[in-house]
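1. Predicted model and sequence below, questions to follow.
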Amino acid sequence: MDRRNFIKNAGIISIMPSLLQACEKIDIFSNIKQFDVAKGNHIYIGPQIPIISESFLHFEVYIPDSQIHPSYDNKDCNGDWNKLFGAGAKLLENHHENSARFVFRPLYEKNKVEIGHYTYYNGDIIKNKWVTEIDPNRYYEYGIKFEKGLAKYFFEGILVQEDSIGEENKIKRFLAPYNGGNCGAYRDSYIVLKKIK
């Protein structure tokens, strides 16, 4: 092997660990994505999910019982919705402009999770038209579709809500999970999203 090929091959070998680490973080080989949130934090840490002109965002989602907790000591932190996942109509637009998302919050007394939706259309919010209760520690199927100017919400394969989203018919951006409220996460926890093709 001549010197030039040796240097070229050595360079490829030396960057392989970095590439493998990047692939592990992006998790491009799996359709299962885990998003972790630390106690007191709002932002979930997890892989990015780029979306380019899809009309339907479709996941099975697992919410563990670690997301179910008693009331915060600070009453201003209770009752807020956490964002499960969502779809943005524009790649670089503020997510409060034109977007749709599923939301959740704990029902501690029942050991259940309440599921709802938020739709933002030109900065105005539509919410609480549809809510349901689910059990923790199992997968449920969720879908958001942009079609004919409507954001359509599907739960367990059934259309449960549709709201105006303007003239948007394509999803350009995945909106990652977010822990709502003033106090951040009650304890360390996570959610799991399993993409359905």
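-> Ah, there it is. Every value quoted in this text rests on a predicted model; they were computed, and no experiment measured them.
2. secondary structure element for the residue most central in space within the chain?
-> For the chain, the residue sitting closest to the mean C-alpha position, by CA atoms, centre = their mean, is F85 at 2.6 Å. Following DSSP states H and E, one finds F85 within strand 82-88.
3. which residues touch that strand?
-> Outside of strand 82-88, the residues within contact range by CB atoms under 8 Å, 6 or more residues apart in numbering are 51, 57, 59, 61, 63, 67, 95, 98-105, 115, 118, 142, 144, 146, 151, 171-181, 191, 193. In short, each C-beta sits where N, CA and C put it, glycine included.
4. Grab the CA positions of it and hand them over as CSV.
-> Coordinates of each C-alpha in strand 82-88 appear next as CSV, following Å, rounded to 0.1, in the frame of the first residue of the first chain:
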residue,chain,number,x,y,z
ASN,A,82,-47.4,18.2,28.3
LYS,A,83,-46.7,17.9,24.6
LEU,A,84,-46.6,14.3,23.4
PHE,A,85,-45.5,15.0,19.8
GLY,A,86,-46.7,17.2,17.0
ALA,A,87,-46.6,18.3,13.4
GLY,A,88,-45.6,21.7,12.0
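5. Next SSE downstream of it?
-> With elements assigned by DSSP H and E, the helix or strand that comes after strand 82-88 is strand 98-107.
6. helices and strands around that next one, which ones?
-> strand 82-88, strand 112-121, strand 139-147, strand 150-155, strand 173-175 (3 or more CB pairs under 8 Å, 6 or more residues apart in numbering; DSSP states H and E).
7. What angle do strand 150-155 and the longest one make with each other?
-> For the pair strand 112-121 and strand 150-155, the angle between their directions (axes from the mean of the first three to the mean of the last three CA atoms, to 10 degrees) equals 170 degrees.
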